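A.B. asks: I'll drop the sequence and a predicted model, then ask my questions.
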There are 2 protein chains.
Amino acid sequence: MATSAIRFYESRGLVHSRRTTGNQRRYPQAELRRVAFIRTAQRVGLSLDEIAEALATLPDRRAPTKSDWHRLSKAWRPRLDEQIRRIELLRERLDGCIGCGCLSLRSCALTNPGDAAAARGTGAVFLEP
Amino acid sequence: MATSAIRFYESRGLVHSRRTTGNQRRYPQAELRRVAFIRTAQRVGLSLDEIAEALATLPDRRAPTKSDWHRLSKAWRPRLDEQIRRIELLRERLDGCIGCGCLSLRSCALTNPGDAAAARGTGAVFLEP
DNA sequence: GCGCATGTTGAAGTTCGCTTGAGGTACCGG
DNA sequence: CCGGTACCTCAAGCGAACTTCAACATGCGC
């Protein structure tokens, strides 16, 4: 990946480096892991700010232990599950609901009694989430 | 959602509107579905270009039928599966690999004989995907 | 039919996530 | 020691995805 991106992350405090006597950056293993984490999280639709916040819970100057990462993992699980849920929602919408006309028919609430979405009103109630 | 966003989508050809005699936009149901689709797809990490490409396969001027959406659904399934896979990769990395030191130990290939990732070399072989 | 919220256009501005450029320094092979 | 490549900093630029603005038109409630 581009060095400029890493410098950019560093300027935002997402990664850190030590310097050589000649002022060149050197990255310990732990920082490479942070970069890998950033890249993957980004591709999943998370913002740098969100990622920065998560990384801020890891120790800055010592290498994170397995349990540090594990703590982060636990904290993010709901966020990742939500993201998966969104994909499944999209899939559902593509496969069924969007094609069946339920968004346009008031009767949808009738053919699906107890439908939680219908209770939120007719129309595209899922637009925001 | 902001009207400016919808106008922006329209300028990019992702949605269409008919006009009143007074030149105001009116959106049929089918267009609202396109908007819902766009929003959801975006939150899952897909770009407007990618979304536009998909929407281009739907009929422009008539309301898409269930089978139109179904076709789109089939075409996107691998893309969505890939996206889910990425989230799972992130979860895995958080939970296990990244914390266990396997990215830094040459011995990882030994303790995991037949490891496909190890065959790609030591280090962060998954950085890109 | 008057007033005012809401709509229209095109251009310019904003935020995010980088990339590029200018001007200078450091390291490395021969 | 020399030359070339890689790195440094800081500022400006860029593409994506919108938002805001100005100047004007429309439509709805009373």
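C.D. replies: The structure has been received and is ready for your questions.

A.B. asks: now stretch A:1-18: mean pLDDT?
C.D. replies: In this model, stretch A:1-18 has a mean pLDDT of 95.

A.B. asks: again with stretch A:36-56
C.D. replies: For stretch A:36-56, mean pLDDT rounds to 94.

A.B. asks: and that stretch, does that touch DNA strand D?
C.D. replies: No. Applying C-beta under 7 Å from any atom of the strand, one finds stretch A:36-56 separated from DNA strand D by no less than 11.3 Å. The C-beta positions use only the backbone N, C-alpha and C, and glycine is treated the same way.

A.B. asks: Now name the helix or strand holding A:Gln42.
C.D. replies: Per DSSP states H and E: A:Gln42 is located in helix A:29-43.

A.B. asks: Now do the longest helix along chain A: which elements does it pack against?
C.D. replies: Taking DSSP state H as the criterion, chain A has its longest helix at helix A:66-92. Of the remaining helices and strands, those touching helix A:66-92 by 3 or more C-beta pairs under 8 Å, 6 or more residues apart in numbering or on different chains; DSSP states H and E are helix A:48-55, helix B:29-43, helix B:66-92, helix B:98-100.

A.B. asks: So the spatially most central residue of chain A, which state does it fall into?
C.D. replies: For chain A, A:Leu46 is the residue whose C-alpha lies nearest the centre (C-alpha atoms, centre = their mean; 3.6 Å). Under DSSP: H, G, I helix; E, B strand; the rest coil, the three-state class of A:Leu46 is coil.

A.B. asks: check contacts around the residue of chain A found nearest DNA strand D.
C.D. replies: Chain A approaches DNA strand D most closely through A:Arg25 (3.3 Å), counting by C-beta to the nearest atom of the strand. Listed by C-beta atoms under 8 Å, 6 or more residues apart in numbering or on different chains, the contact partners of A:Arg25 are A:7, A:10, A:17-19.

A.B. asks: Which residues belonging to the helix holding A:Gln42 are considered buried?
C.D. replies: Residues of helix A:29-43 classed as buried: A:30-43 (neighbour count, 16 or more other C-beta atoms under 10 Å in any protein chain shown).

A.B. asks: Run the chain-centre distance for it.
C.D. replies: Here the centre of helix A:29-43 is set off from its chain's centre by 13 Å, with C-alpha atoms, centre = their mean, to the nearest Å.

A.B. asks: Can you list the helices and strands that it packs against?
C.D. replies: Helix A:29-43 packs on helix A:3-11, helix A:48-55, helix B:66-92, helix B:98-100, going by 3+ C-beta pairs under 8 Å, 6+ apart.

A.B. asks: With B:Ala5 as the reference, measure out to the residue nearest to the centre of chain A.
C.D. replies: The gap separating A:Leu46 from B:Ala5 is 21 Å, by C-beta to C-beta, to the nearest Å.

A.B. asks: now swap in A:Arg71 and tell me
C.D. replies: 37 Å.

A.B. asks: With A:Leu89 instead?
C.D. replies: Counting by C-beta to C-beta, the gap from A:Leu89 to B:Ala5 is 20 Å.

A.B. asks: Look at the two and report which has more neighbours.
C.D. replies: Ranked by neighbour count (other C-beta atoms under 10 Å in any protein chain shown), A:Leu89 and B:Ala5 place A:Leu89 first, with 16 against 12.

A.B. asks: Having no further points to raise, I will conclude here.
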